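> got a predicted model here, sequence first, then my questions.
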Amino acid sequence: MEIVFATHNAHKSKEIKKLASGIATIRNLSDIGYETEIPETGTTLKDNALEKCQFVKSSVLLPVFADDTGFEVEALGGAPGVYSARYAGTPKSDEANLQKLLHEMKGKENRRARFRTVICFLKNDQPLFFEGVVAGEVINTPKGKEGFGYDPVFVPDGYRQTFAEMDLELKNQISHRGKAFSKFIHYLRENAGK
Ligand code: IMP
């Protein structure tokens, strides 16, 4: 089965392509020569995932899925949450977002945080949603060179390394997107050919 992943984020595509190998062929937007910026104007992860999916689906024939992820920090009342990509304003910058987060977390004792991903899948008219969550703590000093976004300051529960210190295989096993995507793959397997 061939599916389009509605993202311009090369890191996300790499993660998902690895997880899907042998089950589905994932085409990201650069694979299909799609260059348009995708809008993200919702106030929930679900709204954004649906918006990205519908936007791309309007110009491709293949089934499409999109994800939206938020980094939810307890001490910040759940921020940056759905606004994680543009936490430090525009143009969006992972480095500026990370610096803003560290600034906001200065002196905060409660370090609890979680990543949450919602995947939307659009084959026909009816969208389907799959969710994945991973909880952990925010550290003060970024560590590691892998991954992207807030990975260098997030240590998932049960581990000592940040996501940015893990290889992709381990991150995928425990991550928000990995969990949401596993549910999606399970659905595809069960419904193959339908
Ligand atoms: P979106 O799903 O592309 O809207 O992601 C929102 C923001 O969360 C982006 O700025 C990403 O940098 C960040 N983000 C998404 N997924 C991850 C991840 O797996 N690790 C670290 N940051 C992430």
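Here it is on my side, so go on. Numbers count the residues shown, from 1 in each chain.
> element containing residue 134?
Residue 134 is part of strand 128-138 when elements are defined by DSSP states H and E.
> just checking, residue 116 is part of a strand?
Yes: counting by DSSP: H, G, I helix; E, B strand; the rest coil, residue 116 is found in a strand.
> so what's it bridging to?
Taking DSSP bridges, one obtains residue 70, residue 133 as the residues bridged to residue 116.
> does it really touch residue 48, like I thought?
No: the criterion here is CB atoms under 8 Å, and residue 116 misses it with residue 48 at 11.9 Å. All C-beta atoms are positioned from the backbone trio N, CA, C, and that covers glycine.
> which bits of the protein sit near the ligand?
Neighbours of the ligand within the chain, by CB under 6 Å from any ligand atom: 9, 67-69, 71, 84-85, 94, 97, 115, 147-151, 163, 175, 177.
> give me the phi and psi for residue 94.
phi -60, psi -40 (degrees, to the nearest 10).
> would residue 14 count as being in a helix?
Yes: in this structure, residue 14 lies within a helix as judged by three-state DSSP.
> for the residue nearest to residue 114 when sequence neighbours are not counted, give me the pLDDT.
What sits nearest to residue 114 in space, not counting adjacent residues and going by CB to CB, 6 or more residues apart in numbering, is residue 135, at 4.3 Å. pLDDT for residue 135: 98.
> how close does residue 135 sit to residue 151?
Residue 135 sits 15 Å away from residue 151 when distances are taken as CB to CB, to the nearest Å.
> compare the two (neighbour count), which wins?
Higher neighbour count among residue 135 and residue 151: residue 151, with 24 against 16, using other CB atoms under 10 Å.
> just the helices from this protein, written as ranges.
Along the chain, counting by DSSP state H, helices occupy 10-20, 45-57, 94-104, 168-174, 176-190.
> looking at those helices, which is buried most?
helix 45-57 (a mean of 21; mean count of other CB atoms under 10 Å).
> so how far is that helix from its chain's centroid?
13 Å (CA atoms, centre = their mean, to the nearest Å).
> ok, now stretch 71-82?
Put simply, stretch 71-82 sits 15 Å off its chain's centre (CA atoms, centre = their mean).
> packing partners of the lowest-mean-pLDDT helix or strand in the chain?
None of the helices or strands of the chain scores lower by mean pLDDT, DSSP states H and E than helix 10-20, at a mean of 89. When contacts are defined as 3 or more CB pairs under 8 Å, 6 or more residues apart in numbering; DSSP states H and E, helix 10-20 packs onto strand 2-5, strand 25-28, helix 168-174, helix 176-190.
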